[in-house]
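Novice: With the sequence up front, the predicted model follows.
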Amino acid sequence: MNTEAAGKDFIRQIVAADIKANKSDGQVVTRFPPEPNGFLHIGHAKAICLNFNVAHEFGGRCHLRFDDTNPVKEETLYADAIRRDIEWLGFSWGNNEFYTSDYFDDLYRMAVKLIEKGLAYVDDLNGEQIREMRGTLTEPGQNSPYRERSMAENLDLFERMRTGEFGNGEPHHRSGDKWCIYPMYDFAHGQSDALEGITHSLCTLEFADHRPLYEWFIEKLELFPSRQYEYSRLNLGYTVLSKRKLQELVTRELVSAWDDPRMPTLAGMRRRGFPPRAIRTFCSRVGISKSDSWIDMSVLEDCVRQELNESAPRAMCVLRPLKVTITDYPEGKEETFSAPNHPQQPEMGERSIPFTREIYIDQDDFMLDPPKKFFRLGPGREVRLRNGYVIKCEEVIYHADGSVKELLCSHDSATLGAAPEGRKVKGVIHWVSAAHAVPVKVHLYDRLFEVETPGTGASADTWLDDLNPDSRITLDQCVAEPGIREARPAQAYQFERCGYFCLDAQQSTEEVPVFNRTVTLRDSWAKVNK
RNA sequence: UGGGGUGUAGCCAAGCGGUAAGGCAGCGGACUCUGACUCCGUCAUCGGGGGUUCGAAUCCCUCCACCCCAGCCA
């Protein structure tokens, strides 16, 4: 077995072999070539990680090249967002920022060179005629009648195209109205790679069919021998990963914007609270291959939880409050409990939590008629208040409609920091002192679509009907412990027993902080309960 | 129907002729002032069929399935 290739994906195996063979003097230069016509998503993250990491691992460099050949679809707004997202992901391209539009002069000269070599001509066919003569999947096309024009005529026509004699074309967001003609992807990408000395041009499978053309241009124009390699693009379950579809969600206002926390865009994930490192971990976990793949959202979620579990300070927040009065606790009395900010990392310090006679617990933590395996609160039952006392539900007070209004409980004063005597209390629930409760608003997010592979198969034309109507649930009656006032944007918290949350800088106000739920905690009770 | 790709567990993915890594999910258990975390254990004979070989997921033949391609998009 080839030990050098062991464990490496096929791209890295190729790069390693090329270096060993001293191709391109052992240089490795890759590139990430986004078209600035939309926001980057998790699929792009895979490409970014691949290109930047391969370059780094083999001592090379990775260029950022805006593939801006199409003047009608691109905007500088997107280019700015792309730069910001790549940096946020944790990669830098240094001075290697390029634009295909900067190569328009070179590309024009290359076209002239091909004409001069008798390898290209100016066609007068219109779109419809071209379509008719192109052939089909099974029948070859026919040559254009203009194919045999003289070189002189071609040169003249091409020059006149350039000067706008046949139409001015659209103004370009960077080159302005300098050009009346623009190169297509096929005529621009390979040559741009070659101009930059890209050694390994990595792209997705659908470009494999273009490789012969890619190589033909390089060969006929005698350019640097960039080579193209294709790998399969990423698909994530219960979401869509095509710029066109994401754009549509934004345009139709089915989501708030490109950075809606439900979007699989990097901007959306950042706002949702996904740490960039979690995304990098995810990209390396899914690997690189050529087989079509749909990745479970659980893989991404696990990466996020792994990251956040280590770094996020804990806090208590009651999502759906249920009032509890500790009847045997003096009115007006207040105690301050100390709780670790992180159970496994004492160096993260401790925080103070006030306790009083009236508190809130989560409605989910109380059941009137609990099943055997439920070890939270119920009539006559005991439960531990996280970081506090063990309490016992003595009485239930109801609303007129029969729903639970409030709980009257007693507490065991000997259980602060100590196990109750003579019995075991397995349940532990979070709570917040009513007098100190900070009102907060919380967005709970779930999968954007109800079907696992939206936009494919039966869902191809009806994918918008498959949106999950409950992808965002907003709770505006939540209460959190006082320390939450210090929350800052981008700071992740674990609301114990609920999940990981982060402040939404766009929606929070001085009075009411707004939190986005990044991801839930694993919940084996939810499984048992099903 | 032509061309280009891919088929290893529910989802990814190693494997490169010497007797199936790892991750996620699942299941069982331990621990626990988060039903979290952590920790144990469990979970495949490689799309089908032939063949070559002492030996095949790996080589050959054949069949099947799925994906991509008929924009002057990328």
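Specialist: Right, received. Where do you want to start?
Novice: residues from the stretch 151-300 of chain A in reach of RNA strand B?
Specialist: Taking Cβ under 7 Å from any atom of the strand as the contact definition, the stretch 151-300 of chain A meets RNA strand B at A:182-186, A:188-189, A:205-210, A:232, A:285-296, A:298-299. Bear in mind the C-beta positions are built from the backbone N, C-alpha and C, glycine included.
Novice: List only buried entries from those.
Specialist: Neighbour-count burial (16 or more other Cβ atoms under 10 Å) applied to those gives A:Y182, A:P183, A:Y185, A:A188, A:H189, A:F207, A:H210, A:S232, A:V286, A:I288, A:I295.
Novice: now the helices: where do they sit in the stretch 201-350 of chain A?
Specialist: With DSSP state H, counting those that start in this stretch, the ranges of helices along the stretch 201-350 of chain A come out as A:211-220, A:243-251, A:266-272, A:276-286, A:297-311.
Novice: can I get those helices in TSV with mean pLDDT?
Specialist: Shown next, in TSV, are these (pLDDT from 0 to 100):
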stretch	mean pLDDT
helix A:211-220	98
helix A:243-251	96
helix A:266-272	98
helix A:276-286	98
helix A:297-311	98
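Novice: export those to TSV and tack on distance to A:I473?
Specialist: TSV is the format used below for the helices of the stretch 201-350 of chain A (distance: least, Cβ to Cβ, whole Å):
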stretch	distance to A:I473
helix A:211-220	47
helix A:243-251	18
helix A:266-272	14
helix A:276-286	23
helix A:297-311	17
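Novice: so which of those is the most packed in?
Specialist: Taking mean count of other Cβ atoms under 10 Å as the contact definition, the stretch among the helices of the stretch 201-350 of chain A with the greatest mean neighbour count is helix A:266-272, which reaches a mean of 24.
Novice: buried sites along the helix or strand containing A:V112?
Specialist: In the assignment (DSSP states H and E), A:V112 maps to helix A:104-116. Burial within helix A:104-116, assessed by neighbour count using 16+ other Cβ under 10 Å, is assigned to A:F104, A:D106, A:L107, A:Y108, A:M110, A:A111, A:V112, A:L114, A:I115.
Novice: Would you enumerate the residues in contact with the third one?
Specialist: Under the criterion of Cβ atoms under 8 Å, 6 or more residues apart in numbering, the contact partners of A:L107 comprise A:P183, A:F187, A:A188, A:Q191.
Novice: returning to that earlier point: for the helices of the stretch 201-350 of chain A, which one sits closest to A:F98?
Specialist: With distances scored as Cβ to Cβ, the stretch of these nearest to A:F98 is helix A:211-220 (17.6 Å).
Novice: Pull the residues that contact the closest one.
Specialist: Contacts made with helix A:211-220 from outside it, assessed by Cβ under 8 Å, 6+ apart, are listed as A:110, A:114, A:117, A:119, A:186-187, A:189-191, A:194, A:201, A:223-226, A:228, A:230.
Novice: Low-confidence stretches in chain A?
Specialist: In the predicted model of chain A, residues A:1-6, A:530 satisfy pLDDT under 70.
Novice: Export the buried residues of helix A:104-116 to JSON lines and append columns for distance to A:V514.
Specialist: Written out in JSON lines, the entries for those read as follows (distance: Cβ to Cβ, whole Å):
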{"residue": "A:F104", "distance to A:V514": "46"}
{"residue": "A:D106", "distance to A:V514": "50"}
{"residue": "A:L107", "distance to A:V514": "49"}
{"residue": "A:Y108", "distance to A:V514": "52"}
{"residue": "A:M110", "distance to A:V514": "53"}
{"residue": "A:A111", "distance to A:V514": "54"}
{"residue": "A:V112", "distance to A:V514": "58"}
{"residue": "A:L114", "distance to A:V514": "58"}
{"residue": "A:I115", "distance to A:V514": "61"}
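Novice: which residue sits closest to A:N387, ignoring its sequence neighbours?
Specialist: Taking Cβ to Cβ, 6 or more residues apart in numbering, and ignoring the residues beside it in sequence, A:N387 has A:A339 as its nearest neighbour in space, at 4.1 Å.
Novice: Could you report the separation of A:P36 from RNA strand B?
Specialist: Computed as Cβ to the nearest atom of the strand, to the nearest Å, the A:P36 to RNA strand B distance reads 10 Å.
Novice: That residue: neighbouring residues, count only.
Specialist: Using other Cβ atoms under 10 Å as the criterion, A:P36 is surrounded by 23 other residues.
Novice: go on, A:K23?
Specialist: If you count neighbours by other Cβ under 10 Å, A:K23 ends up with 17.
Novice: Stretch A:438-455 spans what distance, first to last residue?
Specialist: Stretch A:438-455 stretches 42 Å from its first residue to its last (Cα to Cα, to the nearest Å).
Novice: got the buried residues for that stretch?
Specialist: With burial defined by 16+ other Cβ under 10 Å, the residues of stretch A:438-455 counted as buried are A:438, A:440-445, A:447-455.
Novice: Just the C-alphas of the next helix or strand after the helix holding A:V112, formatted as CSV.
Specialist: Helices and strands here follow DSSP H and E; after helix A:104-116, the next one along the chain is helix A:127-133. Extracted C-alpha coordinates of helix A:127-133, given in CSV (Å, rounded to 0.1, in the frame of the first residue of the first chain):
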residue,chain,number,x,y,z
GLY,A,127,-29.3,32.3,-30.1
GLU,A,128,-32.1,30.3,-31.6
GLN,A,129,-30.1,29.3,-34.6
ILE,A,130,-27.3,28.1,-32.4
ARG,A,131,-29.6,26.1,-30.4
GLU,A,132,-31.0,24.4,-33.5
MET,A,133,-27.6,23.6,-34.9
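Novice: Which positions within helix A:127-133 qualify as buried?
Specialist: Along helix A:127-133, no position meets the burial threshold by neighbour count (16+ other Cβ under 10 Å).
Novice: cool, stretch A:455-474 as well?
Specialist: With burial defined by 16+ other Cβ under 10 Å, the residues of stretch A:455-474 counted as buried are A:G455, A:S459, A:W463, A:L464, A:D466, A:L467, A:N468, A:S471, A:R472.
Novice: do stretch A:309-318 as well
Specialist: Within stretch A:309-318, the residues that qualify as buried by neighbour count (16+ other Cβ under 10 Å) are A:A312, A:P313, A:R314, A:A315, A:M316, A:C317, A:V318.
Novice: what's the closest of these to RNA strand B?
Specialist: Nearest to RNA strand B, judged by Cβ to the nearest atom of the strand, of the buried residues of stretch A:309-318 is A:R314 at 5.1 Å.
Novice: I'd guessed the closest one sits against A:Q345; true?
Specialist: No. Here A:R314 does not reach A:Q345: they are 10.2 Å apart, not a contact under Cβ atoms under 8 Å.
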